[in-house]
Structures are given as C-alpha cells and as structure tokens.
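Colleague: after the sequence you'll find the predicted model.
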Amino acid sequence: MLVDPQHPFFRRLWVRVLCALLPLLWAGVELASGNMFWAILFGAAGVYLVVALFIIRKEEP
C-alpha cells in the first residue's frame, strides 16, 4: 500500500478526513480550470485515500 492506514498519524478522524478531502477538492479546482489530466490524477488519489483510510482501515481496540 502507498499509505499505511494503521500508522499513528491517521488515528484522529479529522486527519483522515482532511487527507482524503484535500486531493478531491483540488481535483475539482483542476477540473474547473480545464486540466483534465490533473483532475483525474488528484481524483484518483483522493478516492484511493478514502478507500484506504475509511474502508480498509481496521479500528484499534
């Protein structure tokens, strides 16, 4: 994996939300300015982070 979802840095919810949301927002900026390549790249990174940090991540006991 590119991102280790079990790393202590991602323990806080707001950090995970921010790390996943920022690339998605930037993809929207790139899409609005007409840069399709960068929009797809940042959108894919944001989707990957959502999957890694919220779907695959296992909560610690």
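Modeller: Looks like it came in fine.
Colleague: so the residue nearest to residue 50 when sequence neighbours are not counted, which of the three states?
Modeller: The shortest distance from residue 50 to any non-neighbouring residue, by C-beta to C-beta, 6 or more residues apart in numbering, is to residue 20 (4.7 Å). For glycine as for every other residue, the C-beta is placed from the backbone atoms N, C-alpha and C. Using DSSP: H, G, I helix; E, B strand; the rest coil, the structure places residue 20 in helix.
Colleague: same question, residue 43
Modeller: helix.
Colleague: please report how far it lies from residue 55.
Modeller: For residue 43, the distance to residue 55 equals 17 Å [C-beta to C-beta, to the nearest Å].
Colleague: again, but for residue 16
Modeller: The value you get for residue 16 to residue 55, if C-beta to C-beta is used, is 11 Å.
Colleague: tell me, how many residues neighbour the residue nearest to residue 50?
Modeller: 20 (other C-beta atoms under 10 Å).
Colleague: now the helices for the chain?
Modeller: Residue ranges of the helices in the chain, as given by DSSP state H, are 13-32, 36-50.
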